[in-house]
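> Test case, fold it:
(one chain, ligands or ions: 1)
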Amino acid sequence: MTHILAIAGSPSHPSRTYALLEYAAKFLSQQGLQTDIISVRDLPAEDLVFGRYDSPALEQPKALLAKASGVIISTPIYKAAYTGVLKAFLDLLPQKALTGKVILPLATGGTIAHLLSVEYALKPVLAELGGRHILSTIYAVDKQIQVQADGGVQLDEEIEQRLKDVLNEFVQAVNSQNVAKEFAHAS
Ligand SMILES: Cc1cc2nc3c(=O)[nH]c(=O)nc-3n(C[C@H](O)[C@H](O)[C@H](O)COP(=O)(O)O)c2cc1C
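Here you go, the predicted structure:
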């Protein structure tokens, strides 16, 4: 079974970016990929603030990351960048934690004006963590996403189509990478 890790970077609940990850997880499970979602909200705030690399609470996220073939990382835009709490979490990961993984960034913002925030702020951090295969970002504005009372999400047609397209691309990339790895092991 191919494993995917989805990292939710919003400190809020309910959360549009979390709802996007749930949508993605459901989509991927229909394609035979198992997705675990972790949220920065669920990590002890003190461990994040004090930079406790050895926090026991990080063991499970690190293990899930290590076995994941692909990573979806979602963040709301805060002050023209990704959230501070997401950075606090990324800072605690091993140096090249994203090496060899396909990465899909998702972001939401109140305004389209910060469309490029992921490109100039988040992507360099993902690259520093070893991420080389980073797919095009899906950026949605708040009015394109309605989070419903039951936690489900209603997406505007255009953003839903773009999300499905990039998720299909993600599945293909993850599957071809796995085939390449198996081939390398066999030879
Ligand atoms: C502290 C804070 C700062 C924000 N800064 C921006 C910003 O700079 N640009 C923007 O487009 N939206 C900004 N927003 C709006 C959020 O990015 C937007 O509502 C997002 O969809 C929230 O995602 P979430 O529901 O997953 O937390 C900000 C929201 C908060 C709470």
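
> In contact with residue 172, which residues are there?
For residue 172, the contact set (Cβ atoms under 8 Å, 6 or more residues apart in numbering) is empty. (Glycine included, C-beta is placed from N, CA and C.)

> so which strand or helix has it?
helix 157-186 (DSSP states H and E).

> Flag every buried residue along that helix.
Residues of helix 157-186 classed as buried by neighbour count (16 or more other Cβ atoms under 10 Å): 159, 160, 162, 163, 166, 167, 170, 171, 173, 174, 175, 177.

> Relative to the ligand, which of these is nearest.
Nearest to the ligand among these, counting by Cβ to the nearest ligand atom, is residue 159 at 12.1 Å.

> what helix or strand does the spatially most central residue of the chain sit in?
By Cα atoms, centre = their mean, the mean C-alpha position of the chain lies nearest to residue 73, the distance being 1.4 Å. Take DSSP H and E as the rule and residue 73 turns out to sit in strand 70-76.

> Report the mean per-residue pLDDT for the next helix or strand after that strand.
Per DSSP H and E, the first helix or strand lying C-terminal to strand 70-76 is helix 84-90. Taken as a whole, helix 84-90 has an average pLDDT of 98.

> Residues touching helix 84-90, excluding its own?
For helix 84-90, contacts defined as Cβ under 8 Å, 6+ apart pick out 7, 9, 11, 40-41, 43, 48-49, 51, 61, 73, 75, 78, 125, 129.

> How about that helix and the ligand, touching?
No. Helix 84-90 is not in contact with the ligand by Cβ under 6 Å from any ligand atom; minimum separation 9.2 Å.

> Now do the next helix or strand after that helix and helix 157-186, the angle between them.
Following helix 84-90 in sequence order, the next helix or strand is strand 102-109 (DSSP H and E). Using axes from the mean of the first three to the mean of the last three Cα atoms, to 10 degrees, the direction of strand 102-109 lies 160 degrees away from that of helix 157-186.

> And strand 102-109, what's buried?
Quick answer for strand 102-109 (16+ other Cβ under 10 Å): 102, 103, 104, 105, 106, 107, 108, 109.

> thought the second one was touching residue 127?
No. With the criterion set as Cβ atoms under 8 Å, residue 103 and residue 127 do not qualify as a contacting pair; they are 9.5 Å apart.

> need the residues of this protein near the ligand, please.
When proximity is defined by Cβ under 6 Å from any ligand atom, the chain lies next to the ligand at 10, 12, 15-18, 76-80, 108-111, 114, 142.

> hmm, try it at 5 Å
For the chain, the contact set with the ligand under Cβ under 5 Å from any ligand atom comprises 10, 12, 15-17, 76-80, 108-111, 114, 142.

> Buried members of those into PyMOL, please.
Of the residues of the chain next to the ligand, the buried ones can be selected in PyMOL as follows, counting by 16+ other Cβ under 10 Å:
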select buried, resi 10+15+16+17+76+77+78+108+109+114
